[in-house]
Each structure stands twice: as structure tokens, then as C-alpha cells.
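Participant: Using only what follows, build the 3D model:
(2 chains)
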Amino acid sequence: MTTMVESPPPVSSNRVPKLARALEASVLTLCAIAFLATQLAYPGALDFSIAAQIVPDLIAICGIVLCAWLAWRGTSDGALVVGILAVWISTYWIGQAHQHDSKTVKTLVFSTAGDSVRGAEFFVNGVDLGPSPVRISKDDFERRVPRLDQPPPGFAEKVYIPFYNTQWWENCWEREYVHGFGWEFPDMGKGKLYYQAQYAGEMGAAPGSGSGGGEGQVSIGFRFPQRERRLQLLLSKARLADYHVSADWFRALETFDEDGWSALRKAAQGEPGMDDVLSEWAKRKYNLDTVHNSTDAWKALMRVCREADKEHVHLTPSVGGRAVEILAKQLDPDQLVREGGRVIAQTRGGVFVQWRLAGQMQFGTADITDKLSFLGMNQDGTDGSNQPTYTGTGGAYGMMLSPGGLVIAQSLVEMWKAGIGHQQIQSEIGPDLLAWHYDSTLTFPLVLAANIGGPEVDEFLLAQPWQRNVTFRDQGMTVFGANGSDEINRWLYLLTWLNDEAGQKFHREHAPEIREMAGKLLDGGMFMWDSNHLDFLLQDHDFAWGLWPQFRAAIKKRESDPWEVIRLEYTYLEKMNAPVSAFIDLWKEERPGPQEADQAFGVLRFETPTERARPIAAGLLNFFQRDPHAMDQIPEENRKYLMAALRKTVNPEEAFMADVNAYVPADPHWPLTREFWRHKYEAIWLGGPGGLSPVVEQLANAPEPALRLLSLSAIRGTPVASNRKSLQKLLSDPDATVQSEARTVDAELQALAAQPVDELTSAGHATVPP
Amino acid sequence: MRFFHPMLLSYLGRKTVWPTLLGAAGLAIFELFPSAPLSGREMLPAAIIVAHVAWVSWALARLDKGEMPFLYTRGFHWDVIWWHRVAVAALSALAAIAASSLVLWLGLRTAAQIGMGDSLYPLVARRESWAPMYWLVLYVLLLPVGLYAFVRAEHEAPLGGLWLAIAIGPTTWFAWNLLAGTAGWLPRALMVAGGCVVVALLWAGQRLHRNVEVAS
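Facilitator: Model (predicted):
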């Protein structure tokens, strides 16, 4: 220790230096501001709009200034009291005003929905309110929009758009639209309002359905046939190029946003070339050709994550999703699992949407709801049930699931599906999901963990009090908190989902307990939301058979619509892999009417894998043919449709040819009826997104000129190589009309091949023929 | 001028033995009992930390026996004494964090919970390992407040530091809990502001320290 005095002793003084007073004033002011900001920011991001109240703002500002001044004067106690009072009064006042505001509609929001058109001009009663989504004050709206007793000019003009009908007997047809949607807005006092939207010079067609997203919100699904046609032509250009497309082509497709990759995914169902195009798109966008090892793959995945977060959205079927599908097989499982663990630990809640696209369940999440507005209208009807389902919960002490987090989750799922990293996922991801979410109100992550299984998950779930009777008061012990499920023990429910050897053993040893739980679920009607909720009960087919009578009794008790009853019954039978005889027995017992039969067969059509649906349909057909009284309850005119529908499931091409032949005119030289021409849509569908089939070739080689003419519609719609080969033959068709039409189609396709792609962008200026 | 004097550190450190034991033992023993996984945001450890910080700051500010003037006459610059006080307080906090971390990392909490029949363990132990880091952040925020408050207490209007502590405490608590699930710039801005407050308090404490100690 040094013994020398190094500096003079400090001057003794107990006066507070200016420095301390300045510090105390600053820190107290900062605390008041931080407290105020925290209050305004909860929950979510700082919302200055709720702070836009003059009086509480003045109280807060004056209070904080007074607080700072008092502290500067050395009276910090007074400063503290003033600061607390000012902030408390201000936040309370703002909170009250916000509550009042949320109950009173002051701002109206109008938007288009159901596709990825953004920025369409929104009109109400002929007044252009600006690009969608339109936010307008109620006062401004009332001042600008006049009352109309008649629709604006052009409103009632009819548009016919082909669609794929969920009604079996009329698979493809046209639906009538008008140029807008009329609806009386509540509390507006202007009578019926006429909503219209214009995009790229085209007035949108409305199918007659719209929805309000909440107080003061109107969301309408417009369709823009010219835009849709441009997208189809863009795909046809790819077909004409045998799927070898240029960078310009991808740039054009990108302008269609979600509709671009949706169209590719749908087309890829029966057209492997389109699947390759989607992969090529992902490779170009994320430079996947430069990925040679797991390090490169990781960098590329991080790029997808960053972009998802920057765009505030990730959707598993998107181009980013395809990149994930490609990269997942090249990633280092340990690295991905570590990152997955980090995401699970950070994420305490989330909202995600799931929907069916191209026969697959898809997932998405977005920070901005507008990013999901393309979902929900099921306008082309190519899928039986692509209505989105939103699932979610609020976050507490953690972040909501981010788009980047969903990218990581998708990577893990894809890796699992590829059979890679099972051991790491079972030992890390499953336990992490349980550890961080065991008491969550969202059961989804826990079900996921149970599906993953593995020794740690087994040990944990089996150790929990799954035998305990629970009520809705047992927080964290129940399942969904909805009908009936608030008495379901969460652990018993999860053990039933356990998808490994331990789960199977549990099923065998505790069947009575599971049956009792299933009874509560059935009585509570949980399966009404989504038939997927039944899956865990149906994994064990013997068990499912045992539950079948209870299931039927429960749905008959709860459901008043007979068609919904038989739809659920068919779903149950299909999911538990019941033999054909079970479907026949059910028919005999229920004796459904035409509407109910249509719904039941719809399950086979839309929700059952083809290889399973075919023998069931064949069995039913056989039964109907053998038993003349089997369809006594069905009116004669409906029977042929239902039989045709079953035939289409067994062999769509054969059934189609039989059906269309019935409409071939007796006179080989026209006129063709509208009934005949409706088959052109089905021919296009069969030859395109629904799956390439020999139908086009069969039509092109048919002896009747009308059928050969019909084939040209399919060739024009789907100019793949095999169809173009048929076209070459038709160019020298002996029938002059067919030959002339073939030449027209050939010229159109050549013109399309030469057409610059920038005319076929989403807002492209080219007006295309229907 | 030398800034680091181990003997001074040791001399001051002796004053903080009991508060350090309180902090370390309090946090470590607390950890053994809650049946729910630790989040780092529990009330009781926060109270233990407040008590620990208050006791450490008080112990280091006791001047009635003329210790500080004595140290000054032994050649330690006033600022050197201040920063050694800060270092000793920081070491005391680190000791408490180390003890609580060891209880988690050595599996003592898991063993205790299994012994008490908590079926969530050992699986949920994986989410607790970083709970002491939240407590460390609390120490980083509260120690400068405590040290400043006791130096400030030697001046006129001696409760000025206490009022500051009362303002910072609830603000931290609200921001800590309400903004946990909030993304965006506000949590980051508050963290930066918190860092600035910590630095400013230590600096102001040093300046106040210069002209107060001899008076006692």
C-alpha cells in the first residue's frame, strides 16, 4: 500500500451539486416516459394512435415537466409524487378513451380479399375511395359517398367464370358474377351500398359473397378474370417451352404474389414439370445452386428466415417454403435442432393459419393480417376444403411465433419427413416443446411433441397425472377449453396422441380410459370443428370400431342437418379404413336423400386418397346395380348424376367420355348446345391442374367431330407436349370446322410463345381473350 | 496513479461477507422449492436481490468509524476508493449469481424437485438454466442505484437517492414484465436507456463521493 497522499483532501460539503440534481431530474423524467411508453405498448408494439388524446397528453407532458423541475430544485420526493400522479392519470384516461373508441366505429376499412391483388382501387356507389385496403373516417365516408337508388352503370353487367363445383354431378361449369357487390352497411342510413374494385383497368367481378372482418370492416372477394387469364397464359408459356423458363418469366410470375406460386402448386399436382418450375424458382431466388454442403445450406436457410421476417410472412407452400423443402435434406441436423430449440424457447404464443392446397395441409403465419388476405374465398373450387383455419394464442413472457420461426419449424418437419435427424429431433425438439409449453393454452405444440415421441417424451408424459379428473378450473390440465374438452385431462389426451411403441402400449392397456375420454370429446362436439381432431382416436382401427356406435349416437344428438351427419359418418369410416361393406351398410341404414348422398360421396371425392376412394366407389356402384331398391329414396333425375359421380371416382376418364358422349349432337355438324360446351371446362381441368390424363388424346382421336373440337379447348388450355402432338394431327383433320379451329389454336399458341412476358404480369396491359 | 489495489478490495470485501451470504444463500435456497419452472421473473428472488443490494450498499457506505478518511490518509485517491466499492459490490452480486447457477447446473434443483414428487422434472429443467442471467441484469440495474443512494444520503435532502430508487424499481418491473413479448424498438431503447442510467449513476456517485466522505 502506498503511504503518500496523492491528492488534496476533498472539500467537505453536503450541498447537492448541480450534477446530482441534473441526474435525478433526468432519471425521474426518463422513468416517467418509460413507464408511459410501456403502458402504451402493452400488448404489442407502441401504439401512438391510442395516445392521441389531447387532455391526457397535456397532463402527462405537464406532469413530467413539473417532475423534472422539482427534481432539479432538489425536491425529488415531490417530483416522484407528481410524476406518478401524472403518469397514472394520463394512462388511465388514455385507456378509458381507447376502450370507448374501440366500441364506437369511427374508421371504416374496405378491402378486397381472396387473392393476392393489392392496391386495387375501391369504389363505393361509384366513388373511388383509393387503393385497397381503404381506411376512411365515417364522417368523411358519409360526406363523399352519395346515396344511390340504382346500382352504378356497369354494375349489373354479367360475367361468367368457369369453376370446379363441389357438387358432384356438375363438376365444371360457369358461375354468374356481376361487377360488384351490393350490401346495406349497418347504421349508415344510405340504403344499399354498391362496392366495386378496379385493378389494372379491369372492373372486378364479385361472386355475391362478402364478409365483415369486424366493426366497420368490409372485405369482399372480387375476381379479376383478365388477371387470372394472364396468369394462366403465363403458365401455358411455360408449357410451350417444356418448362424451361427464363428469368423474365419468373419476374412476371412474381408480380402475381401468392397467386403465382399457388397456381404452380395446383398445376404441379398432375404436372411434374410445374413442380420443377417451382423448384427452379426457389433455386434462383435463394441461389440454391451454390449450396454444396451443410454450411452453405444453413446460410441459405438463414436467408429464407431473414426474408420471411422482413416480409412479415411465411407460408409453407410459397417459393420460400419450396426452398426450405430443398434445403432441409442438406442441413446439419444438430445445427437445425439447436436453432429449433432456440425458437421454441423464445416463442410463447402465436397465431398461424392452416389450409389445404393441392391436397396438402399448409401452414402460414404473418405479423400483418393483410398478408393472409389472399386466403379464404375458395373461388376456383379446385380443392374441396381450402377454407383457412386460424389457431393461436397470446404470448406471455416471450415472443409470438415469427415468420422466421415458422421457417425453422418447417425445416424440422421436412427433415423429419425425409427420415433425417429423427434421433436428435426426438431427444431435443420433442422435450423442448413439452418443457416450454406444457402449461400453454395452445395444445398444438404438445400434440406435435407427442407425435414426435421418443424416450424422453414417453417418460415425461407417462409420469404426469393422466388419471386425474379435471375441470375447467384446473388451469394447464385441460385440452382446449371448449365444448366438452374442459373436462379432458391434457396428459391423457396427449398420451393418446403418442405415436411410438410406448403410445401403442398405452392404447392397449388403457383402452377403457381412452374410450371414456373419447365419449366426452364426442359429446362435447369437438370433432365438429375439424375432422382432424378425430385422428388420434382412429389410429387404432379396432378401437375406432368399438367407438363407432357411440360416435353415431353423439353426432345424431348434436347435428340437426342430416347431410352433416352422413358427411361425418363417411369421414369416420374413411379415416378408420373401414371395409366397403361398412359404407354399404351405412347407406342401407341411413337411406340418404340426394343432398345427403352428395355430401357423403363428396368425402370420397375430396378427402379420401384416390387409391382408397376407388374401391369404395366401385363397391357402392356394384351395390346400386345389384339392388334395384337401393336408391328408391333418390328421385330418378338425381340417381344418374350420383351414379355418374361414383363412376368418375372409379375411372374419371371413362366416366367423362361416357358423360360427354351423351351430349354429342345427333347431327355431326352442329349446333353444339351449351350443355355440351360445359364439358370443355372439365376437359381442360382433366388435362390440366387436375392431372394430365389420356382424355385429351381420346377426344382428339374420337370419330365425332364435336369431340375432336372439344379436345381443342383442352389443348388451348393446357398446351403440354402430348397435347401439342394431338394438335399437330388435328391441323390436318378431315372435318373443315375442326381443322379451322385447330389452326386458330395453333396460331394462338404460336402468338403466345412469341408474346413478351411483361405483357402477362399481374398488372400487365395486355387484354387477353377469354 | 494505480487504480487496482487488491488489499483495498479485500478490506472492503470483508464488509460485504454477510450480505453476500444472504444474496447467494437466499437465491440458492429459493431455487430449490418452486414447483413451476423458474422464469427469472419471480417476485421472491427480486426481493432477495433488492435486500442484498441494499445491505451491500449500506455496508460499503458505513463511514462513522472514520474508515474512509483513514483510507484516504493511506494514499488511496477518493475515486480509487469509489471504484473499489463498485467492484466489491459487483463481486458480491456475481457470487450470488454463481451460487444460484451452480444449484441449477449441478442438478440440485432437479434432484430436490424429483425428491418432492414433481413430475415435470427432470424434463423442464432444460428451460431454467438461464434464469440467473435475468437476476444478473437486475443486479446490474439496482447496484448502481443502491451505491448512489447511500452516497447521496450524505448530502442535503438525503432521501433523493431513495426516491430515485423507488422510481427506477417499479419502472423496471413494469417494463420487464409488460415488454417481454414485445418486438420492435421500444425494448431496445429502454435497454439502452437503462445502460445510460447505470453509467450516469456510477459516474455521479463518483463525483458525489469526492466531496462527502471527509465530512463524516
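
Participant: pLDDT-wise, which helix or strand of chain B ranks last?
Facilitator: helix B:67-73 (a mean of 73; mean pLDDT, DSSP states H and E).

Participant: ugh, wrong one, chain A
Facilitator: strand A:210-214 (a mean of 52).

Participant: What's the first helix or strand after it?
Facilitator: strand A:217-220 (DSSP states H and E).

Participant: Give me the sheet partners of that following strand and which way each runs.
Facilitator: If you go by DSSP bridges, strand A:217-220 pairs up with strand A:107-112 (parallel), strand A:210-214 (antiparallel).

Participant: And for the helix or strand harbouring A:Phe583, what's in contact with it?
Facilitator: Using DSSP H and E, the secondary-structure element containing A:Phe583 is helix A:580-590. Here helix A:580-590 makes contact (Cβ atoms under 8 Å, 6 or more residues apart in numbering or on different chains) with A:562, A:565-566, A:569-570, A:573, A:596, A:615-616, A:618-620, A:623, A:630. (Each C-beta comes from the backbone N, C-alpha and C, glycine too.)

Participant: Stretch A:63-73 too?
Facilitator: Against stretch A:63-73 from outside (Cβ under 8 Å, 6+ apart): A:21-22, A:24-26, A:28-29, A:32-33, A:76, A:78-80, A:82-83, A:85-87, A:89-90.

Participant: low-confidence ranges in chain B?
Facilitator: B:1, B:63-66, B:179-184, B:212-216 (pLDDT under 70).

Participant: longest helix of it?
Facilitator: helix B:78-105 (DSSP state H).

Participant: The next helix or strand along the chain from that helix vs chain A: in contact?
Facilitator: Going down the chain from helix B:78-105, the next helix or strand is helix B:108-115, by DSSP H and E. No. Helix B:108-115 does not reach chain A (Cβ under 8 Å from any Cβ of the partner chain); its nearest approach is 10.0 Å.

Participant: Could you list every helix and strand that the helix or strand that comes right after helix B:108-115 packs against?
Facilitator: With elements assigned by DSSP H and E, the helix or strand that comes after helix B:108-115 is helix B:131-152. When contacts are defined as 3 or more Cβ pairs under 8 Å, 6 or more residues apart in numbering or on different chains; DSSP states H and E, helix B:131-152 packs onto helix B:17-32, helix B:43-61, helix B:78-105, helix B:160-178, helix B:185-210.

Participant: let's see it at 6 Å
Facilitator: If you count contacts as 3 or more Cβ pairs under 6 Å, 6 or more residues apart in numbering or on different chains; DSSP states H and E, helix B:131-152 packs onto helix B:43-61, helix B:78-105, helix B:160-178, helix B:185-210.

Participant: Can you give me the buried ones in the last one?
Facilitator: The reference is to helix B:185-210. B:186-187, B:190, B:193-194, B:197-198, B:200-202, B:204-210 (16 or more other Cβ atoms under 10 Å in any protein chain shown).

Participant: any idea how far the residue lying closest to A:Pro431 once chain neighbours are set aside is from A:Ala449?
Facilitator: Spatially, and ignoring its direct neighbours in sequence, A:Pro431 is nearest to A:Glu456 (4.5 Å; Cβ to Cβ, 6 or more residues apart in numbering or on different chains). Distance, A:Glu456 to A:Ala449, using Cβ to Cβ, to the nearest Å: 10 Å.

Participant: Look at these two and report which has more neighbours.
Facilitator: A:Ala449 (28 against 21; other Cβ atoms under 10 Å in any protein chain shown).

Participant: Enumerate every residue touching the most centrally placed residue in chain B.
Facilitator: Chain B has B:Tyr139 as the residue nearest its centroid, 3.2 Å off, counting by Cα atoms, centre = their mean. B:Tyr139 is in contact with B:Ala93, counting by Cβ atoms under 6 Å, 6 or more residues apart in numbering or on different chains.

Participant: quick revisit: need the buried ones from the contacts of stretch A:63-73 selected in PyMOL.
Facilitator: For the buried members of the contacts of stretch A:63-73, the matching PyMOL selection, counting by 16+ other Cβ under 10 Å, is:
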select buried, chain A and resi 21+24+25+26+28+29+32+33+76+78+79+80+82+83+86+87+90
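
Participant: Of the contacts of stretch A:63-73, which belong to strands?
Facilitator: Among the contacts of stretch A:63-73, none falls in strands (DSSP state E).

Participant: and chain B, which residues reach chain A?
Facilitator: B:7, B:74-75, B:77-78, B:119, B:123-124, B:126-127, B:155-157, B:160, B:163-164, B:167, B:171, B:174-175, B:178-182, B:184, B:186, B:190, B:193, B:197, B:200, B:204, B:207-208, B:210-211, B:214-215 (Cβ under 6 Å from any Cβ of the partner chain).

Participant: Quick check: B:Leu142 touching B:Ala54?
Facilitator: No. With contacts counted by Cβ atoms under 6 Å, B:Leu142 stays clear of B:Ala54, the gap being 8.8 Å.

Participant: and these two? which has more neighbours close in?
Facilitator: When B:Leu142 and B:Ala54 are compared for neighbours, B:Leu142 comes out ahead with 23 against 17, by other Cβ under 10 Å.

Participant: so where does A:Ser116 fall, helix or strand?
Facilitator: Here A:Ser116 is assigned to no helix or strand, by DSSP H and E.

Participant: Now for it, how many residues are close by?
Facilitator: Count around A:Ser116 with other Cβ under 10 Å applied: 19.

Participant: do the same with the one 5 residues further on
Facilitator: The tally of other residues near A:Glu121 (other Cβ under 10 Å) stands at 17.

Participant: which residues touch it?
Facilitator: A:128, A:198.

Participant: Check B:Leu104 too.
Facilitator: B:128-129.

Participant: No more questions from me, cheers.
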